[in-house]
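Novice: Here is my input, please return the structure:
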Amino acid sequence: MKTARTKPHLISTRHAGVAVRIPLHLRSPLLAIAISIAASFSAAFAADSSLVDALRTVAQADGSAALDRAASEAAKQLQRLPSSQVTDVLAGFGNATQRGRNWLRAIAADVSDNGPFQSDSLLSFYNDRSNDPDARYVAFQLLTQNDSDGKADLLSNAQTDPSLPIRYLKIQSMIDQAAAVKESNPQESQRILREVIANGRSPQQLEKSARLLADRGVNVDLADELGMMRKFWICGPFDNTESKHFDTAYVPENRYIESGLPFSLDANGDPNPEQGKHAKVHWQRIESTDKLGMVNLNEPLANEKDAAAYVFAKFTVQDGESIPTAQTRIGCITANKVWINGRLVSSNEVYHSGTRIDQYVEQCALVHGENTVLIKVMQNAQTEAWAQDWQFQFRLTRLDGSAIKTVLVE
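Specialist: The predicted model follows:
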């Protein structure tokens, strides 16, 4: 059914004296500011340098007075674009700051109303999963506001969508479907719930699915199903005073890169201690008992602040499967680095901006037989209650996102 197009629910905020409407339901998690903005715009913009410049200016908004004033002027220009250029605005999301994304959401909603609704171009943009996930979600919202009956079609295969809000909606519909057929078709209900567990990213949705399966006598180890690694060696704390040591390579890091192991062994085959932040620190075993595989560093490291820790594991792929190219997937609320087989594959210097399953995804190379992972997890000096978590979730997946089950090598 076609519905009257209305703009998303908006809040008004003021940037450099100009009111900008930001869709409440389109706000995204904080993203790290990218170094370069120019590369995010398609070749189609080349013929209109003023459009490129305006999009770049809005994308760079960071809350500073100068950039916000420039973004405000650029936004006035962009808001007058015809609806036929709405996907040009969406294409500007690529390397935008979080603040820039908020501006671009509001601009896209305005531009969409400046003429005939662009169903075909928005659908094409939405269907291209290589486009920015946040921008695709804006396209989804515009499409469903224009035609509410099209929502099911848009979500038909979205359980693997890289846009987490889109995936969330699909997964929720699957949970609802499983609940609806639990009595009439219990086998189908269980099949759907297992697919939810394989593809879901929301802890609440995963836990609800596990409870529904448990109600049917099917117990699920969520962390195992997701392939979360739960057993590690840990050593720390090392110094991270004033959060200045993200790139400081302490002895375990250098030794790992050089030899493949972050520790040396004594005559009994046990890891030797290292010089830590305050004194000698020992390698110790740690195992997560969290149902989603969250590894808590506060307990073994006494809630240390301004600190760094290293966690290490040697593992094989379950059943000896050969997977030369895989993905590392880490969720971590503080700054972190990940090495696989001595090679740095992921580096994320962000503190207490939120965390989620599969927050940072990068490709890595695995070898047949034994592999290693070293993770450096930082903590800063914040004392607020919401900034006390020092933890991470880590797993490996195939390129399609399916879990790789691993076996710890003692």
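Novice: helix, strand or coil for residue 316?
Specialist: Classification of residue 316 by DSSP: H, G, I helix; E, B strand; the rest coil places it in strand.
Novice: and the residue nearest to it when sequence neighbours are not counted, what are its phi and psi?
Specialist: Excluding its sequence neighbours, the residue lying closest to residue 316 (CB to CB, 6 or more residues apart in numbering) is residue 407, at 5.1 Å. Quick note: C-beta positions are derived from backbone N, CA and C, even for glycine. Reported as degrees, to the nearest 10, the phi and psi values for residue 407 are phi -120, psi 120.
Novice: Around residue 407, how many other residues sit close by?
Specialist: When neighbours are counted by other CB atoms under 10 Å, residue 407 registers 11.
Novice: That one and residue 315 touch, don't they?
Specialist: Yes: shown here, residue 407 and residue 315 form a contact pair, counting by CB atoms under 8 Å, at 6.1 Å.
Novice: tell me which element residue 223 is part of?
Specialist: For residue 223, the host element (DSSP states H and E) is helix 222-226.
Novice: what separates the residue nearest to residue 316 from residue 227, distance-wise?
Specialist: Residue 407 is 11 Å from residue 227, where distance means CB to CB, to the nearest Å.
Novice: ditto for residue 319
Specialist: Counting by CB to CB - residue 319 and residue 227 are separated by 13 Å.
Novice: In terms of neighbours, single out the busier of these two.
Specialist: residue 227 (19 against 7).
Novice: Might one say that that one is in contact with residue 398?
Specialist: No: between residue 227 and residue 398 there is no contact, the gap being 9.8 Å when judged by CB under 8 Å.
Novice: list residues touching both of those two?
Specialist: residue 404 (CB atoms under 8 Å, 6 or more residues apart in numbering).
Novice: what is in contact with residue 319 and residue 227 at once?
Specialist: With CB under 8 Å, 6+ apart as the test, residue 319 and residue 227 both reach residue 405.
Novice: So, low pLDDT: which residues of the stretch 1-150 of the chain?
Specialist: By pLDDT under 70, the weakly predicted segments of the stretch 1-150 of the chain are 1-47.
Novice: so where do the strands sit in it?
Specialist: 10-15, 18-23 (DSSP state E, counting those that start in this stretch).
Novice: got it, and the stretch 151-300 of the chain?
Specialist: Counting by DSSP E, counting those that start in this stretch, the segments of the stretch 151-300 of the chain that form strands are 231-239, 274-275, 280-281, 284-287, 295-296.
Novice: Nearest to residue 173, out of the ones you listed?
Specialist: strand 295-296 (31.7 Å; CB to CB).
Novice: which helices and strands does the closest one pack with?
Specialist: strand 391-397 (3 or more CB pairs under 8 Å, 6 or more residues apart in numbering; DSSP states H and E).
Novice: Now do the strand it packs on: distance to the chain's middle.
Specialist: 12 Å (CA atoms, centre = their mean, to the nearest Å).
Novice: Repeat that for stretch 272-285.
Specialist: Using CA atoms, centre = their mean, the offset of stretch 272-285 from its chain centre is 32 Å.
Novice: can you list contacts of that stretch?
Specialist: 231-239, 250-252, 263-266, 271, 300, 304, 306-307.
Novice: Check stretch 217-228 too.
Specialist: By CB under 8 Å, 6+ apart, stretch 217-228 touches 190, 197-198, 206-207, 209-210, 213-214, 230, 288, 290-293, 357, 393-397, 403-406.
Novice: Just the buried residues of those residues.
Specialist: 190, 197, 206, 209-210, 213, 230, 288, 291-293, 357, 393-397, 403-406 (16 or more other CB atoms under 10 Å).
Novice: Could you list which of the residues you listed belong to helices?
Specialist: Within the buried ones among the contacts of stretch 217-228, residues falling in helices by DSSP state H are 190, 197, 206, 209-210, 213.
Novice: just those residues now: which is nearest residue 58?
Specialist: Distances from residue 58 to those, taken by CB to CB, are shortest for residue 206, at 36.2 Å.
Novice: How about the closest one, nearest residue that isn't a chain neighbour?
Specialist: Closest residue in space to residue 206, ignoring its immediate chain neighbours: residue 200 at 4.8 Å, by CB to CB, 6+ apart.
Novice: State the distance from the one you found to residue 191.
Specialist: 14 Å.
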